[in-house]
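Novice: Curious how this folds, go ahead:
(one chain, ligands or ions: 1)
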Amino acid sequence: MTAMRRATGAAGGARRLEGRLVALGVTGSIAAYKAVELLRLLTAEGADVVVLLSASAARFVGPLSFAALSRHPVETELMELLPDGRIGHVVIADSADAIVVAPATAHWLGAMANGLAGDVVTAACLATSAPVVVAPAMDGDMWTHPATRSNVARLRDAFGYAVVEPGSGPLASGQSGVGRLAELPAIVDAVVAAIGDRPVRQPAVDARPPLVAGLPREADLVGRHVVVTAGGTREPIDPVRYIGNRSSGKMGVAIAEAALDRGASVTLIAADVSVPLPDERARVVRVETTGQLRGALLEALFGGGGGGGAPSPLAARFDALVMAAAVADFTPAAPADRKLARGESLSLELRPTPDLLAEVARIVRGLDGEGSETREPVTPTPLLVGFAAETGSLERAGAKLRAKRLDLLVANDVAEAGSGFGTDTNRVVILDAAGGRDELPLLSKREVADRILDRVAGALDDRDAASQTAGMQEASR
Ligand SMILES: Cc1cc2nc3c(=O)[nH]c(=O)nc-3n(C[C@H](O)[C@H](O)[C@H](O)COP(=O)(O)O)c2cc1C
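Specialist: Now for the predicted structure:
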């Protein structure tokens, strides 16, 4: 169960297509069903996959499976625009890191060799400057026909396409011969080789194909309560002025939405945010100051308990906390009751705010302010995920993880282009308590959210499996 739920990389190795957008063109061969498994293998390598289906292919395999697995609407109709008015095959042509056509029919090879852009797959290939990989599949006589031979030669020699030759064996026609779609791992290898070390063509999420709304990645958080904080706190100077920060709340809201899509029940504690909140699906608590955030957090996590006189052991009311809010480190020591008048100068005395995540971690682990064990840890042990926005080096992040006793720390350099406040993308490093370090490429905030939740879901499964084993050992004594 644990292994099935977790989205792991390919065959234990590094994910070779991490951050890449791969367009999978499927044409009308009996082997079209194998493209569903090819999509899965590409995804396991870390690729974001978008599927183009020829009209014939759509009669062999419906678009629904491809849309559900790729999370992108499937491109089938050349003459239809995307909902946002963009031209689907051009968006794919301009943003894909590679196009792989598998299976490629004899008909499609002929159309492509002659530049006949009558279907979405040919049109995207004509419009792209990305590498193209072609894996033909057909009856043996079709494959050896001079027309097919010269079309394949033209694709390979004149267009520079990589052709993954079909294999031999029993064919759908009942005959045996060369024409079977190549083995799928060989096609994946060809895509990896074709992309090589080229830079990611289009990191900007807005310029990539749209996502299907509301499709679950996996229902691996069903039955879990995930608490997420988002946005920036505001610390009042007087009734009209405050000290704030540049957080937009996009990362936290993306995590809340991803957790909801994966079946979790979500409490989203939102400070100042500039994006719409999923208030129809999540329990949303709005706060403004760090003090209010602390109150809402303790209420959501421990029913308001957790302070000195809390019962021991304390029951967890949550499975995971993802603290994505940008919480102020300082607050005015004495905010004015009335609006301050203009004057020569103004000095503000600031005092530090409590470190909320460290406080939650102490409660969860049964420690007092000095780190001594004063009561039973909270059971079952919830997972604590922090964020560290740094500028420049991420060296301090590991020390933060240990000092705050967190399970995961997501560190990012907010000074880097495309990363941090207000952007739709983020480049993060996920550190874990065991010393692991997972450096992710520049990804959409939604994809970063899913990568974090992959870790959360896996760790919660492991937690439950360990306590079940312990329970069985106890019972058998
Ligand atoms: C059951 C069936 C299986 C087929 N399998 C293949 C095949 O494996 N390879 C091929 O080139 N054509 C195959 N065809 C013929 C193509 O579907 C046909 O040439 C179609 O026009 C291809 O359109 P497309 O290239 O636009 O997808 C098959 C046809 C049928 C009815």
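
Novice: Got the domain ranges for the protein?
Specialist: Segmentation of the chain into domains, based on automatic domain parsing, reads 2-207, 225-332+350-465.

Novice: looking at these, which is closest to the ligand?
Specialist: domain 2-207 (3.1 Å; C-beta to the nearest ligand atom). Backbone N, C-alpha and C define where each C-beta goes, glycine included.

Novice: Contact residues of the chain facing the ligand?
Specialist: Neighbours of the ligand within the chain, by C-beta under 6 Å from any ligand atom: 27-31, 54, 56-57, 105-108, 119, 137-138, 142, 172.

Novice: one more time with 8 Å
Specialist: 27-31, 54-57, 60, 103-109, 111, 118-119, 121, 136-139, 142, 171-172, 179 (C-beta under 8 Å from any ligand atom).

Novice: among the residues you listed, which are in helices?
Specialist: A55, S56, A57, F60, A106, H107, W108, L109, A111, V121, M142 (DSSP state H).

Novice: Go ahead and build a PyMOL selection from the buried members of those residues.
Specialist: Burial among those is assessed by 16 or more other C-beta atoms under 10 Å; the matching PyMOL selection reads:
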select buried, resi 56+57+60+106+107+108+109+111+121+142
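
Novice: Which single one of the ones in helices among the residues of the chain next to the ligand is nearest to G343?
Specialist: V121 (69.3 Å; C-beta to C-beta).

Novice: which residue packs closest to that closest one, ignoring adjacent ones?
Specialist: Leaving aside its chain neighbours, V121 sits nearest to G25 (3.7 Å; criterion: C-beta to C-beta, 6 or more residues apart in numbering).

Novice: Which secondary structure elements does the host helix or strand of that neighbour sit against?
Specialist: Assigned by DSSP states H and E, G25 belongs to strand 21-26. When contacts are defined as 3 or more C-beta pairs under 8 Å, 6 or more residues apart in numbering; DSSP states H and E, strand 21-26 sits against helix 34-44, strand 48-53, helix 63-70, helix 88-95, strand 98-104, helix 120-127.

Novice: Could I get these in CSV, plus columns for mean pLDDT and distance to S444?
Specialist: Converted to CSV, these look like this (pLDDT from 0 to 100; distance: least, C-beta to C-beta, whole Å):
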stretch, mean pLDDT, distance to S444
helix 34-44, 93, 15
strand 48-53, 95, 9
helix 63-70, 87, 14
helix 88-95, 96, 12
strand 98-104, 98, 19
helix 120-127, 98, 21
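
Novice: Any idea which of the ones you listed gets closest to A434?
Specialist: Nearest of the helices and strands packed on strand 21-26 to A434, taken as C-beta to C-beta: helix 34-44 at 23.2 Å.

Novice: name the helices or strands packed onto that closest one?
Specialist: strand 21-26, strand 48-53, helix 63-70, strand 98-104, helix 184-195.

Novice: How about residues contacting the second one?
Specialist: Looking back up the chat, that one is strand 48-53. 19-26, 35, 39, 42-43, 61, 63, 66-67, 69-70, 72, 74-76, 89, 92, 96, 120-121, 124, 208-209, 447 (C-beta atoms under 8 Å, 6 or more residues apart in numbering).

Novice: What is the nearest of the ones in helices among the residues of the chain next to the ligand to G196?
Specialist: V121 (22.8 Å).

Novice: wait, isn't that closest one in contact with L24?
Specialist: No: in terms of C-beta atoms under 8 Å, V121 does not count as a neighbour of L24; the distance is 9.4 Å.

Novice: Just say helix, strand or coil for N412.
Specialist: What DSSP: H, G, I helix; E, B strand; the rest coil gives for N412 is strand.

Novice: What's the per-residue pLDDT of it here?
Specialist: Listed pLDDT for N412 reads 86.

Novice: all numbers from here: first residue = 593
Specialist: I'll keep to 593 as the first residue from here, and by that count the last item is N1004.

Novice: give me the beta-bridge partners of it?
Specialist: A981, V1020 (DSSP bridges).

Novice: correct me, but it touches I1022?
Specialist: No: using C-beta under 8 Å, N1004 is not in contact with I1022, being 10.1 Å away.

Novice: more crowded one of the two?
Specialist: Neighbours of N1004 and I1022, each counted by other C-beta atoms under 10 Å, are more numerous for N1004; the result is 23 against 19.

Novice: right, and the helices and strands packed on helix 626-636 - which one's nearest D1056?
Specialist: With C-beta to C-beta as the measure, helix 655-662 is the member of these nearest D1056 (26.6 Å).

Novice: Buried residues, stretch 930-937. List them.
Specialist: Within stretch 930-937, no residue is scored as buried using 16+ other C-beta under 10 Å.

Novice: export it as PDB, just CAs?
Specialist: Only the C-alpha atoms of stretch 930-937 are listed here, as PDB (Å, rounded to 0.1, in the frame of the first residue of the first chain):
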ATOM      1  CA  ARG A 930      -5.000  56.100  17.700                       C
ATOM      2  CA  LYS A 931      -3.600  57.000  14.300                       C
ATOM      3  CA  LEU A 932      -0.100  58.500  14.800                       C
ATOM      4  CA  ALA A 933       0.200  62.100  13.600                       C
ATOM      5  CA  ARG A 934       2.800  63.200  11.000                       C
ATOM      6  CA  GLY A 935       6.000  64.400  12.700                       C
ATOM      7  CA  GLU A 936       9.700  64.900  12.400                       C
ATOM      8  CA  SER A 937      10.600  61.300  12.900                       C
END
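
Novice: Can you name the residues in contact with that stretch?
Specialist: In contact with stretch 930-937 (C-beta under 8 Å, 6+ apart) are residues I829, D830, P831, V832, R833, L938.

Novice: Out of those residues, which two sit at the greatest distance?
Specialist: Maximum distance among these (C-beta to C-beta): 15.2 Å, for P831 and L938.

Novice: List the buried residues for stretch 778-794?
Specialist: Within stretch 778-794, the residues that count as buried by 16+ other C-beta under 10 Å are I779, V780, D781, A782, V783, V784, A786, I787, R793, Q794.

Novice: so is N837 in a helix, a strand, or just coil?
Specialist: What three-state DSSP gives for N837 is coil.

Novice: cool, L1001 as well?
Specialist: Going by three-state DSSP: L1001 is strand.
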